[in-house]
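Q: One predicted model, sequence on top.
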Amino acid sequence: MHEYLLTMRGIEKRFPGVLALNGVDFTLRSGEIHALMGENGAGKSTLIKVLTGVYQMDGGEIRLEGTPMVIRSPQDAQNKGISTVYQEITLCPNLTVAENIYIGRGKHPWVRQRDLEKRADEILSRLGIPARSTQLLGSCSLAVQQMVAIARAVDMNCKVLILDEPTSSLDDKEVKRLFDLMRDLKSKDVGIIFVTHFLDQVYEVSDRITVLRNGELVGEYLTEELPQIQLVSKMIGKELEELSNLGETEEKEIGKKEVFYEAKGLASSDALPFDFSIRKGEVNGFTGLLGSGRSESVRAIFGADKVTGGAVKIGGKPVKILRPVDAMKHGIGYLAEDRKRDGIIAELSVRENIILALQVMNGMFKPISRNESEAFADEYIKVLNIKTASRETPVGSLSGGNQQKVILARWLLTHPDYLILDEPTRGIDVGTKLEIQKLVLKLAEEGVSVTFISSEVEEMLRTCSRLIVMRDRHVVGELTGKDLNQTQVMKTIAGGEA
């Protein structure tokens, strides 16, 4: 048997104005979990898409079990034993779970639906996935849809399984179930390429790590021999600054500042009544488990969902915020949790996406001139270090972290008094996370009020001076000062007591 299951040597891929991969090497052994790491834009997704036939490489060689091969399409890759589960779920919500597992794979048109459903139920049961073969995929949670995509890949008897951010929508129990499955596949000599931004998960489950930066190979390392701090340093290309004091804020100073926004009994079609306030220059946040009501609460503040009750004051004066445009006119900006659905307009350019909110505020009869929009775009591309070939590049072609920066630029251009950031660092690299955290604190120093939501409690503890804890769509506690620690957050979520 050849030493390596998969070998990629000298891989090159060019796009107009961009060398996305520059002579990248990658190897994978049978029965190995190999983490592919790097910042957004480092080339991870491009390398995977070359391997799976989505892109054709411009140079280099790919060997599977020692045999050179050309992969012409995703179907070709699948036929050669390479299966992929992407970060963005690519299944069909209008079909059943069984149909999604077996779509495009039926060799015999007369195979009975009942037989497919029986086989699907067997694999769902074996993998511990809480779904029935006959239910519509769209009726399943995002986490279950992700697990069904993995079940589909596993059922193809693949040699190489690529998991691109598979845990981004899973809770702790589902992550554990996935890791158990990965280890089981590893014991059966399947080679697994694991792409994630969760560093702890890399060290929990992977055997080796390959790091890319700016489309080039930084190195390949045994996981046990690469300390986490060194991994971060290699990913961002410089020594990581200590973050322990990043979010230190003088609580007394904030307490003296005037309240900018205050709500009493605010409720929407998806949020139960709650009270909330934020002072000028304060960074606070909503925390709680997935489904606790964090996002629903901030959507009510912004008027993104139908407001059904409550009283709101801004600067001490009563106001009505029933729609997002009302919130925008009162100096509130909102970066939504799902940037693909509620943030970017993929077909529009970076420039057009950046000026979008400001143009809405100006109105259709006061269009922003081309010269102005180009100047705005160039300014924020530079300020936020947005990696793009040009201001006219379609934003959908940018990496996730750079798309997030474009949405941030959109709201910063409106010069908001109050900025709501819902999962601004989800699915992006550690370097960009650090940039966004520093930006949040800089805005607070300039007097901007910020509500920051993240699934990573440690990130919120570094950034926020006050946390509103939620459970089952109710506010169950508020933490400040000495109580701002992970243990107290978990106790409050579990027991409902601050």
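A: On my side now, so go ahead. Numbering: from 1, shown residues only.

Q: any idea which helix or strand comes after the helix or strand hosting Arg351?
A: Per DSSP states H and E, Arg351 falls inside helix 350-354. For helix 350-354, the following helix or strand on the C-terminal side (DSSP H and E) is helix 356-362.

Q: Just the CA trace of that following helix, in CSV.
A: Coordinates of each C-alpha in helix 356-362 appear next as CSV, following Å, rounded to 0.1, in the frame of the first residue of the first chain:
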residue,chain,number,x,y,z
LEU,A,356,-26.3,50.0,0.6
ALA,A,357,-27.4,51.1,4.1
LEU,A,358,-26.4,54.7,3.5
GLN,A,359,-28.3,54.8,0.2
VAL,A,360,-31.4,53.5,2.0
MET,A,361,-31.1,56.2,4.6
ASN,A,362,-30.6,58.9,1.9
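
Q: Please enumerate residues in contact with it?
A: By CB atoms under 8 Å, 6 or more residues apart in numbering, the residues outside helix 356-362 that reach it are 325, 328-329, 333, 345, 348, 367-368, 376, 410-411, 413-414. C-beta here means a position set from N, CA and C on the backbone, and glycine is covered the same way.

Q: Just list what the helix holding Arg351 packs against, helices and strands only.
A: Judged by 3 or more CB pairs under 8 Å, 6 or more residues apart in numbering; DSSP states H and E, the packing partners of helix 350-354 are helix 370-383, helix 400-412.

Q: Give the buried residues for the longest one.
A: Within helix 370-383, the residues that qualify as buried are Ser373, Phe376, Ala377, Tyr380, Ile381, counting by 16 or more other CB atoms under 10 Å.

Q: So for it, mean pLDDT?
A: For helix 370-383, mean pLDDT is 93.

Q: mind listing what's buried in stretch 151-167?
A: Using 16+ other CB under 10 Å, the residues of stretch 151-167 that count as buried are 151-155, 158-167.

Q: again with stretch 66-84
A: Buried positions in stretch 66-84, judged by neighbour count with 16+ other CB under 10 Å: Ile71, Pro74, Ala77, Gln78, Lys80, Gly81, Ile82, Ser83, Thr84.

Q: circling back: will you turn the helices and strands packed on helix 350-354 into JSON lines that also has distance to Leu479?
A: Formatted as JSON lines, the helices and strands packed on helix 350-354 follow (distance: least, CB to CB, whole Å):
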{"stretch": "helix 370-383", "distance to Leu479": "33"}
{"stretch": "helix 400-412", "distance to Leu479": "26"}
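
Q: Nearest to Lys320 among those helices would be which one?
A: Proximity to Lys320, assessed across the helices and strands packed on helix 350-354 by CB to CB, is greatest for helix 400-412 (21.5 Å).

Q: ranges for the strands of the stretch 1-150 of the chain?
A: 6-15, 18-28, 33-37, 59-64, 67-69, 82-85 (DSSP state E, counting those that start in this stretch).

Q: got the ones you listed as TSV, with mean pLDDT and distance to Ser390 columns?
A: What follows is the strands of the stretch 1-150 of the chain, written out as TSV (pLDDT from 0 to 100; distance: least, CB to CB, whole Å):
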stretch	mean pLDDT	distance to Ser390
strand 6-15	95	12
strand 18-28	93	10
strand 33-37	95	28
strand 59-64	95	24
strand 67-69	93	35
strand 82-85	89	30
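
Q: Would you mind putting those into a markdown table with distance to Ser139 alongside?
A: Compiled in a markdown table, the strands of the stretch 1-150 of the chain are given as follows (distance: least, CB to CB, whole Å):
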| stretch | distance to Ser139 |
| --- | --- |
| strand 6-15 | 37 |
| strand 18-28 | 36 |
| strand 33-37 | 32 |
| strand 59-64 | 38 |
| strand 67-69 | 39 |
| strand 82-85 | 20 |
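
Q: Correct me if wrong: Ser73 contacts Gly53.
A: Yes: Ser73 lies in contact with Gly53 (CB atoms under 8 Å); the separation is 4.5 Å.

Q: Show me the shaky parts of this protein.
A: 1-2, 40, 87-89, 105-111, 169, 236, 238-256, 289-291, 427, 494-498 (pLDDT under 70).

Q: What residue spans form the domains of it?
A: Following the assignment in automatic domain parsing, the chain carries domains at 6-236, 251-495.

Q: on that earlier part again, now, the most widely separated pair of the buried residues of stretch 151-167?
A: Of all pairs drawn from the buried residues of stretch 151-167, the greatest distance, 22.4 Å, lies between Lys159 and Thr167 (CB to CB).

Q: To Asp483, which of the strands of the stretch 1-150 of the chain lies closest?
A: Ranked by CB to CB, the member of the strands of the stretch 1-150 of the chain that lies closest to Asp483 is strand 33-37, at 34.3 Å.

Q: What is that closest one packed up against?
A: Counting contacts by 3+ CB pairs under 8 Å, 6+ apart, strand 33-37 is packed against helix 44-51, helix 172-187, strand 191-195, helix 199-205, strand 208-213.

Q: contact partners of whichever strand or helix holds Arg341?
A: Using DSSP H and E, Arg341 falls within helix 339-342. Contacts with helix 339-342, where a contact means CB under 8 Å, 6+ apart, come from Glu88, Ala304, Ala336, Ala346, Gly400, Gln403, Gln404, Ile407.

Q: Look at the residue nearest to Lys118 when sequence neighbours are not counted and say how many residues are nearby.
A: Using CB to CB, 6 or more residues apart in numbering and skipping the chain neighbours, the partner closest in space to Lys118 is Ser133 (7.7 Å). If you count neighbours by other CB atoms under 10 Å, Ser133 ends up with 24.
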